[in-house]
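Student: How does the following fold in three dimensions:
(one chain, ligands or ions: 2)
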Amino acid sequence: MAPTLNVKQATGNQSSWNTLLPDFPKGPLSKYRKKASFNWKEMAMFLDGEDIIRLKNRIFSALESDPFFARHPGEELSREKYQELTFLRCKRLFEYDFLTQQEIMENPLKILNLVICIGMYDWSPCLQFFLHCGVFGGTILSASKRFANFVKKIYNMEIFGCFALTELSHGTNTKGIRTTATFDHNTQEFIINSPDFEAAKFWVGNMGKHATHAIVYAQLYTPDGQCQGLHSFIVQIRDTKTLLPMPGVMVGDIGKKIGQNGLDNGFAMFHNVRIPKENILNITGDVSPEGKYSSSFTDVKERFSAALGSLSTGRILITAVSATNLKLALSIAIRFSATRRQFGPTDEEEIPVIEYQTQQWRLLPYLAAAYALDYFSKSLFENFVEFYAGLLTKQKSQRQADLGREIHALSAASKPLSSWTAQQAAQECREACGGHGYLAMNRLGEIRNDNDPNCTYEGDNNVLLQQTSNYLMSWMNCIRNKVPFESPLGTINFLQDYHHIIGWKFKANSVDDCMDSSAPLAAYKWLVCYLLRESDLKLRKEKQSGHSDFEAKNNCQVYFCRSLAIAFVEQTVLQRYHDYTHDPNIPSTLQPVLKNLCALYGLWSLSKHLAVLYQGGYVSGEQAGRFIQNAILELCSRLKDDAVALVDVFAPPDFILNSPIGKASGELYKNMWAEILQGNKALSRPSWWAEFCINKPVTGRLSSRL
Ligand SMILES: CCCCCCCCCCCCCCCCCCCCCCCC(=O)SCCNC(=O)CCNC(=O)[C@H](O)C(C)(C)COP(=O)(O)OP(=O)(O)OC[C@H]1O[C@@H](n2cnc3c(N)ncnc32)[C@H](O)[C@@H]1OP(=O)(O)O
Ligand SMILES: Cc1cc2nc3c(=O)[nH]c(=O)nc-3n(C[C@H](O)[C@H](O)[C@H](O)COP(=O)(O)OP(=O)(O)OC[C@H]3O[C@@H](n4cnc5c(N)ncnc54)[C@H](O)[C@@H]3O)c2cc1C
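Tutor: Numbers count the residues shown, from 1 in each chain. Ligands and ions are numbered 1, 2, ... in the order given. The predicted structure is shown next:
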């Protein structure tokens, strides 16, 4: 499979590096920066390219100089204030208009970088802005030309949008959505209704306070009483002049969440809300003035998948959003670990905690994952751009359909992989920073809590993995019958060698043999084939024993289909990163460290499947497992001195990162004191001081006298 991102990215020259990427202040981190095996500026230029770095600098410096984005140490905003500030910031993003259409067309990756840069500052305004422009706007944009008028109003904020699929009693099970849209041919309108309070739209981002319009998913009923299945409609929910609810709409805010509290998630119930006929998003079907339903999809299943197609965009974006959280958490934890000293070989000498094997093993595999997932998310986004261009131009080719299926299968597993990795990493990073990691001002709690819903929204991770395993299992017939097959992105092409791969054995005879990513990659190919075979056998056995299709599928998830989907996506991420890092065009100054990262990511991910590798006979004997473990430790130790420079490559400026222990200077304690002392009332006496000094408790006054 060919890597999709351009490997031949120009790195420019030393003077352009210095202009675009200023030096870090000298300080406690300098020691590690000097030890690095590569120049972090060259790496940043190579990975992103000059154009993207300029964009990032432009966004970061705009936010830093803007009073609306100012940080106030120690400030504790109420939820209402935070929502207000988030909305003001969202409006500023309209005013900045960081990217022109021309720029997006020339390099769509810039959109992804815009999401990442704003999200690095705070996910609440980022999500508010992109739920409106990207999810609401993007869905309408790809539907049909007849929405041109809406599109204009979206991008000048005359209206404000949200995406309302989930209901109080149904989220994952989209077929169970119960909101109805009944066509009235007398008035040429759809009538939107929530049958009861359990069918209220719920959880919808932007709906709580701000949205004036919603894309509402509902079961479409034609005048003949037929239900035509799930369709989406543009429904006005608030008056654009007053922000008060429209007649028949009950709309509100669902309350405080575990994170992302700047964003207003809301609910809505509809009582005979009439919308014009034209407001059906005619992606999968339409209704004639007489009320006759038509669809270009004859197959109901295909129509259903097309109705949910836009969800893949979010899942791809969330893969990148989670990788960004991974980078934020690691920037803090690695800089901290390189400056925090505890114990040492002698009483006189204390060493930075990054020198400890456990600290390296806890953090550096996540660093490798950050590089691999970052690359993967961007390459998947590029695949998506090809698919999206096909949607816009109404491509109906077989390739377009196959590409949609493949992208769905990939994003349904890459979102779980990336969001779970970031979630686990955020907690590990929190603990890796000891007590200071638990101080809110150091931001690891915020990163962890803001990342958390990435595991749930746009589809619960565990359920999404079933989509990927279904896709893989669908090739089993071809495999069994040795019928040739391939997919547009080639991610399943290796399965054509299934009968050969299933006989493979682990070949390494030493730790050295494991030090390149080709070793875990081969193991992964075997693992996917093995899990595919076992899942298929299990499913057939379940059916033979009389279980229904539903029961049989359910009984095949744990240890079978679920593991299969995870192994497949890890294999795909590794394959792409392996191809990228082994490309002969990678500068020789950067290739060794990139190859080490790739090998570490592969081995560390693979090590979680060791039991299955032994169980299925791919590896045997004590040595094999030891080789893998020792290779992981060896790679951690090799990467230890590069770790600070590797986070320098992706860490945002201090203002954006907003963590005293993660600042680029590494002046951990000075930075913490500065923040604490600037904090509101840090040194002041509590206003309730008299409760201690004057009103003393009468001991035992309230004890029971019975
Ligand atoms: C040229 C210039 C280009 C420029 C590019 C521009 C890009 C634009 C960028 C925009 C930026 C946007 C930024 C966004 C910022 C990101 C942050 C996002 C913040 C998130 C906020 C939260 C929003 C939400 O949560 S919305 C609600 C989401 N809800 C869900 O996801 C529900 C989950 N459930 C489901 O999806 C389904 O019900 C599912 C998958 C569980 C299936 O259920 P079921 O069992 O009933 O069906 P199946 O029988 O399994 O499926 C039938 C059939 O359909 C196929 N299918 C299903 N889904 C899809 C799909 N998405 N795509 C394709 N196909 C699908 C499935 O595979 C089956 O097919 P078969 O062939 O029959 O197997
Ligand atoms: C912060 C946040 C923002 C959101 N924003 C939006 C938005 O803007 N618009 C919108 O429409 N929605 C939004 N959502 C809703 C979100 O998309 C849903 O919560 C998500 O799709 C999961 O659905 P659910 O909550 O119904 O979970 P459920 O489906 O009820 O899941 C509960 C549990 O059951 C398990 N489960 C369910 N089905 C199966 C199965 N078949 N097999 C095995 N296990 C199963 C799941 O794994 C999970 O552990 C948001 C949610 C959050 C948390």
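
Student: can you list the domain ranges for the chain.
Tutor: 14-121+310-459, 164-298, 469-641 (automatic domain parsing).

Student: Dump those to a markdown table, plus mean pLDDT, distance to ligand 2 and mean neighbour count.
Tutor: Heads up, the C-betas are built off the backbone N, CA and C, glycines and all. Shown next, in a markdown table, are these (pLDDT from 0 to 100; distance: least, Cβ to the nearest ligand atom, whole Å; neighbours: other Cβ atoms under 10 Å):
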| stretch | mean pLDDT | distance to ligand 2 | mean neighbour count |
| --- | --- | --- | --- |
| domain 14-121+310-459 | 96 | 4 | 19 |
| domain 164-298 | 97 | 2 | 18 |
| domain 469-641 | 98 | 7 | 19 |
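
Student: wait, which of these is closest to N680?
Tutor: Closest approach to N680 among the domains of the chain (Cβ to Cβ): domain 14-121+310-459, 4.4 Å.

Student: what's the first-to-last distance across that closest one?
Tutor: 45 Å (Cα to Cα, to the nearest Å).

Student: Next up, phi/psi of the nearest residue to F202 once chain neighbours are set aside, please.
Tutor: Excluding the flanking residues, the one nearest F202 by Cβ to Cβ, 6 or more residues apart in numbering is L168, at 4.3 Å. Dihedral pair for L168: phi -60, psi -40, per degrees, to the nearest 10.

Student: you'd agree L168 is up against F197?
Tutor: Yes - here L168 reaches F197: they are 7.0 Å apart, a contact under Cβ atoms under 8 Å.

Student: Specify the local secondary structure of the residue nearest to Q467 when sequence neighbours are not counted.
Tutor: With Cβ to Cβ, 6+ apart as the criterion, Q467 has its nearest non-adjacent residue at 4.0 Å, and that residue is A412. Here A412 is helix, with the state taken from DSSP: H, G, I helix; E, B strand; the rest coil.

Student: Quick check: A412 vs V573, distance?
Tutor: 14 Å (Cβ to Cβ, to the nearest Å).

Student: List phi and psi for A164.
Tutor: Here A164 shows phi and psi, under degrees, to the nearest 10, equal to phi -110, psi 90.

Student: Also I283?
Tutor: Dihedral angles (degrees, to the nearest 10) for I283: phi -80, psi -40.

Student: give me every residue that touches H132.
Tutor: With contact taken as Cβ atoms under 8 Å, 6 or more residues apart in numbering, H132 is in contact with 90, 154, 157, 160-162, 206, 211.

Student: Give me the pLDDT for it.
Tutor: Listed pLDDT for H132 reads 98.

Student: Please export the C-alpha coordinates of stretch 347-363 as PDB.
Tutor: Only the C-alpha atoms of stretch 347-363 are listed here, as PDB (Å, rounded to 0.1, in the frame of the first residue of the first chain):
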ATOM      1  CA  ASP A 347      22.800  10.800  47.700                       C
ATOM      2  CA  GLU A 348      24.300  13.900  46.000                       C
ATOM      3  CA  GLU A 349      23.000  13.300  42.500                       C
ATOM      4  CA  GLU A 350      19.300  13.200  41.700                       C
ATOM      5  CA  ILE A 351      18.400  12.300  38.100                       C
ATOM      6  CA  PRO A 352      15.500  13.400  35.800                       C
ATOM      7  CA  VAL A 353      12.600  10.900  36.100                       C
ATOM      8  CA  ILE A 354      12.800  10.200  32.400                       C
ATOM      9  CA  GLU A 355      16.000   8.300  33.100                       C
ATOM     10  CA  TYR A 356      14.000   5.600  34.800                       C
ATOM     11  CA  GLN A 357      13.100   2.600  32.700                       C
ATOM     12  CA  THR A 358       9.500   2.500  33.900                       C
ATOM     13  CA  GLN A 359       9.000   6.200  33.100                       C
ATOM     14  CA  GLN A 360      10.400   5.600  29.600                       C
ATOM     15  CA  TRP A 361       8.200   2.500  29.100                       C
ATOM     16  CA  ARG A 362       5.100   4.300  30.300                       C
ATOM     17  CA  LEU A 363       5.600   7.400  28.000                       C
END
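
Student: What are the contacting residues of that stretch?
Tutor: Under Cβ under 8 Å, 6+ apart, the answer for stretch 347-363 is 32, 330, 333-334, 337-345, 428-429, 431-432, 632-633, 636-637, 639-640, 643.

Student: from the residues you listed, which ones fall inside helices?
Tutor: Here DSSP state H is the test, and the contacts of stretch 347-363 give 32, 330, 333-334, 337-339, 428-429, 431-432, 632-633, 636-637, 639-640, 643 as lying in helices.

Student: interface residues of the protein facing ligand 1?
Tutor: 104-105, 108, 111, 115, 127, 130, 134-135, 138, 163, 165-166, 172, 174-175, 205, 301, 304-305, 308-309, 311-314, 317-318, 321, 385, 388-389, 404, 408, 457-459, 463, 467, 470 (Cβ under 6 Å from any ligand atom).

Student: was I right about C162 contacting I215?
Tutor: Yes - applying Cβ under 8 Å as the test, C162 and I215 come out as touching, 7.4 Å apart.

Student: if I look at those two, which residues touch both of them?
Tutor: Both C162 and I215 are contacted by F136, under the criterion Cβ under 8 Å, 6+ apart.

Student: thinking again about what came up before, so what sits against both of L168 and F197?
Tutor: Taking Cβ under 8 Å, 6+ apart as the contact criterion, L168 and F197 have no common neighbours.

Student: Does the residue in the chain positioned nearest to ligand 1 fall in a helix, a strand, or a coil region?
Tutor: The chain approaches ligand 1 most closely through G134 (2.5 Å), counting by Cβ to the nearest ligand atom. Classification of G134 by three-state DSSP places it in helix.

Student: How about K91?
Tutor: Classification of K91 by three-state DSSP places it in helix.

Student: Is it in contact with M157, as I believe?
Tutor: Yes - taking Cβ under 8 Å as the definition, K91 is a contact partner of M157 at 7.2 Å.

Student: all helices of the stretch 351-500 of the chain, in order?
Tutor: 357-392, 398-432, 444-451, 461-473, 476-480, 498-501 (DSSP state H, counting those that start in this stretch).

Student: May I see those organised as TSV, with distance to A664 added?
Tutor: Putting those into TSV (distance: least, Cβ to Cβ, whole Å) gives the following:
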stretch	distance to A664
helix 357-392	17
helix 398-432	17
helix 444-451	17
helix 461-473	34
helix 476-480	51
helix 498-501	46
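
Student: So which of those is nearest M120?
Tutor: Nearest to M120, of the helices of the stretch 351-500 of the chain and by Cβ to Cβ, is helix 444-451 at 10.0 Å.

Student: Please name the nearest non-neighbouring residue to whichever residue of the stretch 1-150 of the chain sits closest to ligand 2.
Tutor: As assessed by Cβ to the nearest ligand atom, ligand 2 sits closest to L131 within the stretch 1-150 of the chain, at 6.1 Å. With sequence-adjacent residues excluded and distances taken as Cβ to Cβ, 6+ apart, L131 is closest to G205, at 4.8 Å.

Student: doesn't Y121 make contact with F69?
Tutor: Yes - applying Cβ under 8 Å, one finds F69 in contact with Y121, separated by 6.7 Å.

Student: L521: what's it in contact with?
Tutor: L521 touches 571, 574-575, 578, 602, counting by Cβ under 8 Å, 6+ apart.

Student: just the helices in the stretch 551-700 of the chain please.
Tutor: Counting by DSSP H, counting those that start in this stretch, the helices of the stretch 551-700 of the chain are 562-581, 591-607, 610-615, 621-640, 643-650, 654-657, 668-678, 690-693.

Student: now the first one against helix 591-607, angle please.
Tutor: Interaxial angle, helix 562-581 versus helix 591-607 (axes from the mean of the first three to the mean of the last three Cα atoms, to 10 degrees): 170 degrees.

Student: quick one: helix 562-581 to chain centroid distance?
Tutor: 16 Å (Cα atoms, centre = their mean, to the nearest Å).

Student: same for it, what does it pack against?
Tutor: Packed against helix 562-581 by the contact rule (3 or more Cβ pairs under 8 Å, 6 or more residues apart in numbering; DSSP states H and E) you find helix 357-392, helix 398-432, helix 461-473, helix 518-544, helix 591-607.
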